[in-house]
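Peer 1: Provided below for reference: sequence and predicted model.
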Amino acid sequence: MVSTLPPKERVRESFERAAASYDAAAVLQRQVCDDLLANFDLSSEPDSIVDAGCGTGYGSQLLRSRWPDAQLTAVDFAPAMLTLARHDAHCCLAADIEALPCRDESFAVWWSSLTVQWCDTNRAFAEAWRVLRPGGRLAVSTLGPETFGELREAFAGIDRYRHTLTFTEPAAIEEALSRAGFTDILWQRRTVCLHYPDLKSLLRAVKDIGAHSVGDGARAGLFGRLAWQRVQAAYERHRTAAGLPARYDVILAYAARKK
């Protein structure tokens, strides 16, 4: 079966280039981090946490504020992002979360917010299970298939290229967690909608967080003016009083490694 994931190197390069603009544009990412932590119920304070796919460190800041005594390890495969996150973690690792350079049973908490949509979830969750101690807890956020629904509709019929990732159904996330060995799996789903004055502003915001390489990457040549006008006209049908919507299908999931 052919993978629907974009090549890892292309994703890494996108996030490397976006590091400087990321924080100003990461409105959704901050909101999802806040929600992921607000719904993360632990019976005791963890002594060690790994932030898998830390980006510029917003999640690490939240985790450190809530559990200041925990040893926090920040991991990201884009060194430019990791550089910005360094002051929020005790240890920083430039690595892929599908292959963590960490010992077995190293952490009490594995946390990852809006990263696993770029990964093979089976590999990422298998690694999470490996590095968590028995009794350890997982908290993960990702995006579901309704994400960028308006964008897919606007581009439909314009060309043969895929302009958004194929995001994962919640049931598939639950199945991948179970397959990795996790128990006590709980998940929530919610829609977050951001609004922009026009389509260029919307796409610029997506680019500024490094998420613009979301299609199949095979397009040759420029997008023609007529095609662009057709996409704009199609998207305009979704305009509301608040502006043009960018819809995100957010999934929050929690699980435990059995003692």
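Peer 2: Great, that's in hand.
Peer 1: show me the helices in the stretch 1-150 of the chain, by range?
Peer 2: Assigned by DSSP state H, counting those that start in this stretch, the helices in the stretch 1-150 of the chain fall at 8-25, 27-38, 58-66, 79-85, 121-131, 149-155.
Peer 1: which one of those lies nearest to residue 47?
Peer 2: Judged by Cβ to Cβ, the one of these that comes nearest to residue 47 is helix 58-66, at 12.5 Å. C-beta here means a position set from N, CA and C on the backbone, and glycine is covered the same way.
Peer 1: residue 172 versus the residue nearest to residue 26 when sequence neighbours are not counted, what's the distance?
Peer 2: Distance criterion Cβ to Cβ, 6 or more residues apart in numbering; nearest residue to residue 26, sequence neighbours excluded, is residue 209 at 5.4 Å. Note on residue 209: its distance to residue 172, by Cβ to Cβ, to the nearest Å, is 24 Å.
Peer 1: same drill for the two, tell me which one is more crowded.
Peer 2: Set side by side, residue 209 and residue 172 show more neighbours around residue 209, with 22 against 15, by other Cβ atoms under 10 Å.
Peer 1: touching, the more buried one and residue 25? I think so.
Peer 2: Yes: when contacts are counted by Cβ atoms under 8 Å, residue 209 is listed as touching residue 25 (5.0 Å).
Peer 1: pull the number of nearby residues for the residue nearest to residue 102 when sequence neighbours are not counted.
Peer 2: Spatial nearest neighbour of residue 102, excluding adjacent residues (Cβ to Cβ, 6+ apart): residue 131 at 4.8 Å. Residue 131: 22 surrounding residues under other Cβ under 10 Å.
Peer 1: same deal with residue 165?
Peer 2: Residues lying near residue 165 (other Cβ under 10 Å) number 20.
Peer 1: next one: residue 138
Peer 2: Neighbour tally, residue 138, other Cβ under 10 Å: 25.
Peer 1: which residues does it form a beta bridge with?
Peer 2: residue 110, residue 255 (DSSP bridges).
Peer 1: quick one on the thing from earlier: which of the helices of the stretch 1-150 of the chain sits closest to residue 179?
Peer 2: helix 121-131 (6.4 Å).
Peer 1: what packs against that closest one?
Peer 2: strand 48-52, strand 107-113, strand 132-143, helix 170-180, strand 182-196 (3 or more Cβ pairs under 8 Å, 6 or more residues apart in numbering; DSSP states H and E).
Peer 1: OK, contacts around the residue nearest to residue 123 when sequence neighbours are not counted?
Peer 2: Nearest in space to residue 123, with sequence neighbours left out and distances taken as Cβ to Cβ, 6+ apart, is residue 98 at 4.1 Å. Taking Cβ atoms under 8 Å, 6 or more residues apart in numbering, we find residue 98 in contact with 119, 120, 123, 124, 127.
Peer 1: please name the residues that touch the closest residue to the last one other than its chain neighbours.
Peer 2: When the adjacent residues along the chain are set aside, residue 127 lies closest to residue 100, with 5.2 Å between them (Cβ to Cβ, 6+ apart). With contacts taken as Cβ under 8 Å, 6+ apart, residue 100 has the following neighbours: 50, 52, 75, 93, 127, 130, 131.
Peer 1: next: residue 108.
Peer 2: Contacts of residue 108 (Cβ under 8 Å, 6+ apart): 46, 47, 48, 49, 70, 132, 133, 135, 136, 137.
Peer 1: ok, now with 7 Å
Peer 2: With contacts defined as Cβ atoms under 7 Å, 6 or more residues apart in numbering, residue 108 is in contact with 46, 47, 48, 49, 133, 136.
Peer 1: next, count neighbours for residue 149.
Peer 2: Residues lying near residue 149 (other Cβ under 10 Å) number 17.
Peer 1: gap between residue 81 and residue 27?
Peer 2: Distance from residue 81 to residue 27, by Cβ to Cβ: 17 Å.
Peer 1: neighbour count winner among those two?
Peer 2: Neighbours per residue, other Cβ under 10 Å: of residue 81 and residue 27, the larger number sits with residue 81, 23 against 13.
Peer 1: many thanks, we can stop here.
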